Every structure is written in structure tokens, then in C-alpha cells.
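**Q** have a look at this prediction, sequence included:
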2 protein chains.
Amino acid sequence: MDCVSHVVVDWGTSSFRLWALNRAGGVLAERRSAQGLLAAASEGFEHVLDSHLAALSVPEGVPVMMCGMVGARAGWVEAAYMDAPARLDRLAEQAAQVPSARRPIRILPGIAQRGAGEADVMRGEETQLLALVGDGFEGLACLPGTHSKWVVVAQGQVQRFATFLTGELFHLLRSGSVIAPAVEAAAVMNPRAPAFARGVEDGLAAPETLANRLFRLRASWLLEGTAPADTLARLSGLLVGSELAGAARQVGTLANVALVASGPAAEVYEKALALAGVPGVVRHDAERLVRSGLHAAALSAFRLERASA
Amino acid sequence: MDCVSHVVVDWGTSSFRLWALNRAGGVLAERRSAQGLLAAASEGFEHVLDSHLAALSVPEGVPVMMCGMVGARAGWVEAAYMDAPARLDRLAEQAAQVPSARRPIRILPGIAQRGAGEADVMRGEETQLLALVGDGFEGLACLPGTHSKWVVVAQGQVQRFATFLTGELFHLLRSGSVIAPAVEAAAVMNPRAPAFARGVEDGLAAPETLANRLFRLRASWLLEGTAPADTLARLSGLLVGSELAGAARQVGTLANVALVASGPAAEVYEKALALAGVPGVVRHDAERLVRSGLHAAALSAFRLERASA
């Protein structure tokens, strides 16, 4: 394979994504797998990475920059958190070095927020934010997912942030609660369903009633035979609506939001933000941003010359 | 066994409790087991009941009054819901008859609340409320549990109610979420811990931030090594505090609350209600009430003569 300047890897709890890049950050090749943290811990992190590099015939010496849970305590090498407020252009110099005879390998740190009742952490999202501030962004960033992040970004820094367990709650309730039988026949969650909109509105208007409205999803299925797809859409809407109410409380008025998302989550949050009347929402592709952030960090950490595409 | 007038059974999802009573409602003998709905559905409801009656040598002909999930669609015989507003003194006449050659057996109905967004159900709690109104109660009843109920009772009727998934959320989060590793070393939840009080206060003051505060329990354990017992107490406090905020929204100002509870839940909710400054909380033993409600229903349904103790 020609022209590979460096390799970047987004290595999370449940997924592995690798891109071989040229100096300009252009993608020469990519690899994706489900070898997230748990799988990699048993197969061996080095073995997993080497197998993907070998599959692409990446020469020895080509450096690798990584981010995500691979840098957690339970990951490959721990990349100690930077504390918020955190300058994103310092991420690269704080990267942890992974011992390797074949090539330089580094892992970007996550960001921690400390203080009683304020403790919060991110790993992976900081790399997306690095790309965002590289484009000059200031404002509020929303990064939905299993653990949605709301981040106040100013002057190239992560000022403060709040993580919501929304996606995890959705999966727990959908699969392991008394709501499960009411939604198990639903294939996919449709954010364009009126039931999603009603859920968002209820979640926003009365987030304190969440645990009651969750039970009522079951009751509505029992008493009225509510369709599984509607119940699932309402469940999602309630949780996302409550999150929007909570985000407004924790990070301030929701406006001029950079929505950093890929796949179904992007549509879900775009719809919810529109229902909530949040102005100035700009969507960014999460995968493009993480790759771009890793690229910027690699150029800096490995002192590679920038080049135009 | 002498003097058995009737037998009463509280048969729930996870437990079976039977009492042999005299005419005055005095307990002559009791049986308890973990043969809840799932176990009984595989062993056979009739077999389970008969085995306990045989163990106490209850003569043929002695009637049995039951309540709880045994009357659900997935139970023994479905006892159709009464609709709220529901007169509690009508429960006995609405009881479902279980076919049996040996004795009269009936199951009390649950109560349903219908209407868009209002759908809610109870099974078992209505029997406790029957005993409560038999003592002349009017006001707000709180019946904590896996699915906590808040019920407006007036003129002998269940006017309206709201069920909160609080206990189930606690168990899901404690055992199956990213919070699990932070609490797995905690033995019991101590409602007298300061962390419980802080959780209740946070849940009451900002219930919309619940999903964030839940994630922060994990972050606090990661960053600060927060003790598992404190994290567990705070988790419980957050959920119960949010429930109190939601109950105030769904059923009105919290005051003069009949707290119907047994075991650890009684202490947890008594403490939370005190922290919330709710006036006029009177604790009632849930088990005594369900037995007393079943007794009253049995006297009425089987036309047994009342007798003094």
C-alpha cells in the first residue's frame, strides 16, 4: 500500500474502526470490526491491531494514533484523563505511549470533570471536539449515544459537560424490564412516528414523571393493546425529551447546538431538538469528526508535515 | 386444625403468602413461599394452593379469597380490572370465581385507570386500600415497591393513581448497568446514610437531571473512588427523590400520606418523605393491611358472619 502517512483508530467499548490516512488526512483504506474492549481484552490488543495493520500491509514505522476506551483503565494502556476546563489542542501532547518495537503508537486521553456531584468523564468524544474546534466552533455540542454528552466548548476548551445515561436506559428498559413484552415485536424505532413526538413533549414538559410514564407504557399495552412500534417510539421520545430538559439545566439554554452524530441517533436527536424548538442546530458527522480529530492529533504528536489534499 | 373460617392468599409475581383465619380475622396459621407467578405457572396454580392447604389440613369447603397477580391474564383465572374511579367495597362482588370441586375460591380484581397517557394498573394494592378505607381513611396513599403506587383515595373510592417504576429501575441499574461495578461491593442500602439524603434532595430539586446524575455515580466511582455503599445509597435516593417530585405532579401536593409498606421499603420511604418535608405521614404495615383487606372481602363474598376477636 502506497502513501500511508499514519493510521488512526477509534477503539470503543463495542467497536473497532481503523483508517489508513495520507498526509492530508485522506482515507486510503479502512477496517471495521466488532472487536471492542471486551473482545480485544481477551484476544489481546496488540494482536487485534497488528492483524488489521497486516491486512492492509501497513509498513513498519508508520505511526498509529488511537482514541476511545482503549485508553481506559481496562483498556490497553491507560491514558490519564485531562481535567476540564481542558484545552483540546493539548490532547496530542498528553497522549499515552504504547510500547511497540515496530512503530510509534499513542492513545489520546479522555477528559474528566471533577467536584462533588459534578464528576463526569468522556473518552473518544474529546477527539471529535478537537476536530470541531479546529473548524472554529464555539458553543454547545451534543454527542448522542449510549451515554450522551452535552459539552460547553469555548476558546478551544471543553469548559464543562454532562453525560446522560439515555441510550443505556433505553436498552435496559427495552430488553430487561416490564416494558419489554410491550415492545419486543417492534423492529426499529421510528423518530418520525407521532408517538415519538408525544414522548419528547411529555419528557420535556414533565421530566419528573418519567418513572410513571415508563410504567404507563406497559399499562397502555395491557389495557389498550398499544402497538409495539408506538410504544417503542414513545419510550425513546420520553427518554430523549427528559435528557433535553436535563441538559438545559446542566449546561444552560439549548441553542446553536453542534449535533455530532452518525446513523439512527442523528435523526432521533435532530427530530427531538426540532420538537423542542432549539434554534441553530447544525449536524456534523461523528465518524468524519473522530477521523479528522485523530488526524490532527497524529500530525501534531508525530510531527508530521501537513500537506494539502 | 380448628376454627378455620376462611383462607386468604396474597399471590404476587415473586411470592406466595397464605393465612388461615378465624371469623374475626385472627391468624390461625400461615404459609409463605417463593412460588410466585412464574413458579406457580409451571408447577400449576391448583397444585401449589392445594399443597399449602393440605400442609395446614384445611378442611374441604373452607373458602379461599386471593388477590394479586394470580388474577392477571398470565395468572390462574383472570379477574377483570375494575375501572377507576372504583368503589373499594365493590371489589368482593367483582371477584373472579376459580373452578374447584372442593371449595369456593375467588380472586379479587385489580383496578385500571384508562385514558390517553393515563393508562395505569394495580393488582394487590387495591386490597390493602380496601382495609385502609375500612378504617375510614381519605387522602393520599403511597405504596412503595418494585412498582410504587401513589393513590388518591376519597369516599371509599380509588379516584386516580400513578405507578412509578422506581424499584425496578433500581434493580436494573444496580445489577445490569455501567453503575453496577460501582455498587456491587455494597451489601445493603442504608437510608440513614448522608449519601441517601443527598440523592433524595438532588432527585427532588432537579429530577430532569436524573440520567446525568446516574452516569455521574459511575464517574464519581472512577475518579474519586466513592465507596460502594455511598453510591448505592445515592442511587436509591436519586430515584426515590425523583419519584416524590413526580408524584407531586401526578397526584397533587404530598401531605397526609398513608405510607403502606413493610420491610426495608418502609424505612426508605419514611426517610425520603421526611427529607421532602411531607407533613402528616402515617405508616401502615402492608402485610397487615393486605390480610385485613382479604378478610373483609372474604366475609362479604362468602357471606360469612362477622365475629369479634
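**A** Nice, I can see it.
**Q** and the stretch 1-150 of chain A, which of its residues are near chain B?
**A** Neighbours of chain B within the stretch 1-150 of chain A, by Cβ under 8 Å from any Cβ of the partner chain: A:Arg73, A:Tyr81, A:Ala112, A:Gln113, A:Arg114, A:Gly117, A:Glu118, A:Ala119, A:Asp120, A:Val121, A:His147. Glycine gets a C-beta too; all of them are placed from N, C-alpha and C.
**Q** which ones are touching the second one?
**A** For A:Tyr81, the contacting residues are A:Pro109, A:Gly110, A:Ile111, A:Ala112, A:Val121, B:Leu223, by Cβ atoms under 8 Å, 6 or more residues apart in numbering or on different chains.
**Q** which non-adjacent residue is nearest the second one?
**A** This points to A:Gly110. For A:Gly110, ignoring the flanking residues on the chain, the nearest one in space by Cβ to Cβ, 6 or more residues apart in numbering or on different chains is A:Arg123 at 3.5 Å.
**Q** same check, this time on the fourth one
**A** Leaving aside its chain neighbours, A:Ala112 sits nearest to A:Tyr81 (3.6 Å; criterion: Cβ to Cβ, 6+ apart).
**Q** now A:Ala211
**A** Spatial nearest neighbour of A:Ala211, excluding adjacent residues (Cβ to Cβ, 6+ apart): B:Phe164 at 4.1 Å.
**Q** ok, the one you found touching B:Gly145?
**A** No. Counting by Cβ atoms under 8 Å, B:Phe164 does not reach B:Gly145; the two are 9.7 Å apart.
**Q** tell me which stretches of the stretch 101-250 of chain A form strands.
**A** A:105-107, A:111-113, A:120-122, A:139-143, A:148-154, A:157-164 (DSSP state E, counting those that start in this stretch).
**Q** most packed of those?
**A** When you average the neighbours per residue for each of these (mean count of other Cβ atoms under 10 Å in any protein chain shown), strand A:120-122 leads with a mean of 25.
**Q** contacts only, for the closest residue to A:Leu172 other than its chain neighbours.
**A** Nearest residue to A:Leu172, sequence neighbours excluded (Cβ to Cβ, 6+ apart): B:Leu172, at 4.8 Å. Contact partners of B:Leu172, counting by Cβ under 8 Å, 6+ apart, are A:Leu172, A:Leu173, A:Gly176, A:Ser177.
**Q** got a PyMOL select line for the buried ones in the residues you listed?
**A** Under the burial definition 16 or more other Cβ atoms under 10 Å in any protein chain shown, those of the contacts of B:Leu172 that qualify are selected in PyMOL by:
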select buried, chain A and resi 172+173+177
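**Q** just the ones of the contacts of B:Leu172 in helices?
**A** The helices, defined by DSSP state H, take in A:Leu172, A:Leu173, A:Gly176 from those.
**Q** out of the residues you listed, which is nearest to B:Val158?
**A** Nearest to B:Val158 out of the ones in helices among the contacts of B:Leu172 is A:Leu173 (Cβ to Cβ; 26.8 Å).
**Q** list the buried residues in the helix-or-strand element of chain A with minimal mean pLDDT.
**A** Least confident helix or strand of chain A, by mean pLDDT, DSSP states H and E, is helix A:37-43 with a mean of 91. If you call a residue buried by 16+ other Cβ under 10 Å, then helix A:37-43 has these buried ones: A:Leu37, A:Ala40.
**Q** show the subsequent helix or strand relative to that helix.
**A** Helices and strands here follow DSSP states H and E; after helix A:37-43, the next one along the chain is helix A:45-55.
**Q** report all helices and strands that that following helix contacts.
**A** Using 3 or more Cβ pairs under 8 Å, 6 or more residues apart in numbering or on different chains; DSSP states H and E, the elements in contact with helix A:45-55 are strand A:16-21, strand A:27-33.
**Q** contacts only, for the nearest residue to A:Gly68 once chain neighbours are set aside.
**A** Excluding the flanking residues, the one nearest A:Gly68 by Cβ to Cβ, 6+ apart is A:Gly124, at 4.0 Å. Applying Cβ under 8 Å, 6+ apart to A:Gly124 gives the contacts A:Asp10, A:Gly12, A:Cys67, A:Gly68, A:Met69, A:Gly110, A:Val290.
**Q** and which of those is nearest to chain B?
**A** Nearest to chain B among the contacts of A:Gly124 is A:Gly110, at 10.1 Å by Cβ to the nearest Cβ.
**Q** looks like that closest one contacts A:Ala79 (just checking).
**A** Yes. A:Gly110 is in contact with A:Ala79 according to Cβ under 8 Å; the separation is 7.0 Å.
**Q** A:Ala95 and A:Ala86, how far apart?
**A** Per Cβ to Cβ, to the nearest Å, A:Ala95 is found 14 Å from A:Ala86.
**Q** same question for A:Leu130.
**A** 10 Å.
**Q** show me the contacts for A:Ala266.
**A** A:Ala266 neighbours (Cβ under 8 Å, 6+ apart): A:Pro144, A:Leu259, A:Arg283, A:Asp285, A:Ala286.
**Q** any idea of the pLDDT on it?
**A** A:Ala266 carries a pLDDT score of 96 in this model.
**Q** likewise for the one 10 residues further on?
**A** pLDDT for A:Ala276: 98.
**Q** what about it, neighbour count?
**A** Using other Cβ atoms under 10 Å in any protein chain shown, A:Ala276 has 19 neighbouring residues.
**Q** list phi and psi for it.
**A** Note on A:Ala276: its backbone torsions stand at phi -80, psi 0 [degrees, to the nearest 10].
**Q** give me the nearest residue to it, chain neighbours excluded.
**A** Among residues not flanking A:Ala276 along the chain, A:Leu244 sits closest, at 5.1 Å (Cβ to Cβ, 6+ apart).
**Q** how much space between the one you found and A:Arg234?
**A** Look at A:Leu244 and A:Arg234: by Cβ to Cβ, they are 15 Å apart.
**Q** next, the contact list for the most far-flung residue of chain A relative to its centre, please.
**A** Ranking residues of chain A by C-alpha distance from their mean position (Cα atoms, centre = their mean) puts A:Leu223 at the top, at 37.9 Å. Going by Cβ under 8 Å, 6+ apart, A:Leu223 touches B:Tyr81, B:Ala112, B:Arg114, B:Ala119, B:Val121.
**Q** and A:Phe302, by the same measure?
**A** A:Phe302 makes contacts with A:His6, A:Pro63, A:Met65, A:Pro104, as judged by Cβ under 8 Å, 6+ apart.
**Q** quick check: of those residues, which lies closest to chain B?
**A** Nearest to chain B, judged by Cβ to the nearest Cβ, of the contacts of A:Phe302 is A:Met65 at 23.8 Å.
**Q** which strand or helix spans that closest one?
**A** Going by DSSP H and E, A:Met65 is in strand A:64-67.
**Q** for that strand, which positions count as buried?
**A** Neighbour counts over strand A:64-67 (16+ other Cβ under 10 Å) mark A:Val64, A:Met65, A:Met66, A:Cys67 as buried.
**Q** can you check stretch A:285-294 too?
**A** A:Ala286, A:Glu287, A:Leu289, A:Val290, A:Arg291, A:Ser292, A:Gly293, A:Leu294.
**Q** got the angle for the lengthiest helix in chain A vs strand A:139-143?
**A** For chain A, the helix with the greatest residue count under DSSP H is helix A:228-251. Here the directions of helix A:228-251 and strand A:139-143 differ by 150 degrees (axes from the mean of the first three to the mean of the last three Cα atoms, to 10 degrees).
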